[in-house]
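In: sequence and predicted structure, then a few things I'm wondering about:
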Amino acid sequence: MDAFDEGGLAHIEFSPRRAAKLGIVGAGAVGSTMAFAALMAGAARTVALFDINRAKVEAEVLDLSHGIQFMPMAEVTGSDEIEVLADSDVIMFTAGAKQKPGQSRLDLAGATISLVSKVLPGLVRVAPNAVYVMVTNPVDVVTYAALKMSGLPQNQLFGSGTVLDSSRLRYLVAAETGVAVQSVHAYVAGEHGDTEIPLWSLASLGGMPLLEWRGVGKHGPLTAELREQIAREVVESAYKIIEGKGATNYAIALAGTRIVETILNDEHGVLPVSSLLDDYYGISDVCLSVPTVVSASGVGERLAVPLSPDELDGLRRSADAVREVAHRFGY
């Protein structure tokens, strides 16, 4: 409310804006890199790390804090006590079983769901109003199980889904066409894993439908054979990275930071995140990635984008694969 001095001049009194707090569960390769990426982007005023390994989380906090002067002002905190995440606006859940070379994401389900069941109740207790983003694999099954065990509204908890896969797809398309990756628009839908599908019918290059692209200079059109090769590389790229260095961390941290910014800035951006579907082209009761509006309240409308018959069949097969694994673990 405005106040007036004796001369009748108004003095505007501003209510202090509550600074955003980002909580991260897990201080491993993904969690610590996500904290770094979020800090560099200035995504939140406070970044809090929680990990059961006290020495590790304290070391990560100290290392990050020493670099604060070189990034947007923020505070970094961390602990092996869940209360460190109290009143978070967004919580990114990165902790889980580590994927080994040659192991599929779905193979991780049992151990990761068990870990989530131990940690999630405490998170909901200290941060009941946070938007929860599950990042740990297999993200679609874990997201579905987390929704069931937490009792949170379906908009308030979702998975990072195929945001990273879509970035990988755009990178490979850009490389093959000679167009800047920022001018490539394409989504991967379905499971974040072996049954995921590129939505080629929606893809475009600078506004031109990708399937109508005839090439520029030395870069020819993306033939069906080349598109199949790209799709296979999108799926297998994570396995290649894990085999070479033990974990994927940089790209998923950047993808996660984009999700965080979309939430905290209430952008209503469209991202292919994994959420609970309800009659999406007849698909229900499973968490899958489709283009979705994301805002401060979490996930909103799932956009019923036009799909080719093959893409719709692929999405249904992906739903069956994820649902089968969830049922195997009682969800």
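Out: The structure has been received and is ready for your questions.
In: how far away is Val294 from Thr177?
Out: Distance, Val294 to Thr177, by C-beta to C-beta, to the nearest Å: 28 Å. To be clear about C-beta, it is placed using only N, CA and C from the backbone, and glycine gets the same treatment.
In: who's more crowded, the two?
Out: Val294 (27 against 22; other C-beta atoms under 10 Å).
In: host element of the more buried one?
Out: strand 292-295 (DSSP states H and E).
In: what are the ranges of the helices in the chain?
Out: With helices called from DSSP state H, the chain shows them at 29-41, 54-65, 109-126, 139-150, 163-177, 224-245, 250-264, 309-328.
In: most tightly surrounded among the ones you listed?
Out: Comparing the helices of the chain by mean neighbour count (mean count of other C-beta atoms under 10 Å), helix 139-150 ranks first with a mean of 26.
In: run through who's touching it.
Out: 93, 96, 105-106, 109, 112-113, 116-117, 120-121, 124, 132, 134, 136, 154, 157-161, 191-193, 274-276, 286-289, 322, 325-326, 329, 331 (C-beta atoms under 8 Å, 6 or more residues apart in numbering).
In: try 7 Å this time
Out: By C-beta atoms under 7 Å, 6 or more residues apart in numbering, the residues outside helix 139-150 that reach it are 106, 109, 112-113, 116-117, 120, 124, 134, 136, 154, 157-161, 191-192, 274, 276, 286-288, 322, 325-326, 329, 331.
In: could you give the mean pLDDT of it?
Out: Helix 139-150 shows a mean pLDDT of 96 in the predicted model.
In: could you shift the numbering so residue one becomes 40, and keep it that way?
Out: With 40 as the first residue, the last one maps to helix 178-189.
In: and the angle from that helix to helix 148-165?
Out: Relative orientation of helix 178-189 versus helix 148-165 (axes from the mean of the first three to the mean of the last three C-alpha atoms, to 10 degrees): 50 degrees.
In: what does the pLDDT read for the most centrally placed residue in the chain?
Out: Centroid-nearest residue in the chain, with C-alpha atoms, centre = their mean: Ser199, separated by 2.4 Å. On the pLDDT scale, Ser199 is placed at 98.
In: related to what we said a few turns ago, for Lys257, find the nearest of the helices of the chain.
Out: Closest approach to Lys257 among the helices of the chain is made by helix 202-216 (10.6 Å; C-beta to C-beta).
In: dump the closest one to CSV, keeping only the CA atoms.
Out: Taking C-alpha atoms only, helix 202-216 is exported to CSV below (Å, rounded to 0.1, in the frame of the first residue of the first chain):
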residue,chain,number,x,y,z
VAL,A,202,13.1,-33.4,-22.7
LEU,A,203,16.7,-34.7,-23.0
ASP,A,204,15.8,-37.2,-25.7
SER,A,205,14.2,-34.4,-27.8
SER,A,206,17.4,-32.4,-27.4
ARG,A,207,19.4,-35.3,-28.6
LEU,A,208,17.1,-35.7,-31.6
ARG,A,209,17.4,-32.0,-32.5
TYR,A,210,21.1,-32.1,-32.2
LEU,A,211,21.4,-35.1,-34.6
VAL,A,212,18.9,-33.6,-37.1
ALA,A,213,20.9,-30.3,-37.0
ALA,A,214,24.1,-32.2,-37.8
GLU,A,215,22.5,-34.0,-40.7
THR,A,216,20.9,-31.0,-42.2
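In: so which elements touch that helix?
Out: Helix 202-216 sits against strand 223-224, strand 227-228, helix 263-284, helix 289-303, with contacts defined as 3 or more C-beta pairs under 7 Å, 6 or more residues apart in numbering; DSSP states H and E.
In: now those in a markdown table, with distance to Asp119 and mean pLDDT?
Out: Shown next, in a markdown table, are these (distance: least, C-beta to C-beta, whole Å; pLDDT from 0 to 100):
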| stretch | distance to Asp119 | mean pLDDT |
| --- | --- | --- |
| strand 223-224 | 42 | 96 |
| strand 227-228 | 36 | 98 |
| helix 263-284 | 27 | 94 |
| helix 289-303 | 22 | 97 |
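In: how about CSV for those, with distance to Met247 added?
Out: Compiled in CSV, the helices and strands packed on helix 202-216 are given as follows (distance: least, C-beta to C-beta, whole Å):
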stretch, distance to Met247
strand 223-224, 10
strand 227-228, 20
helix 263-284, 16
helix 289-303, 25
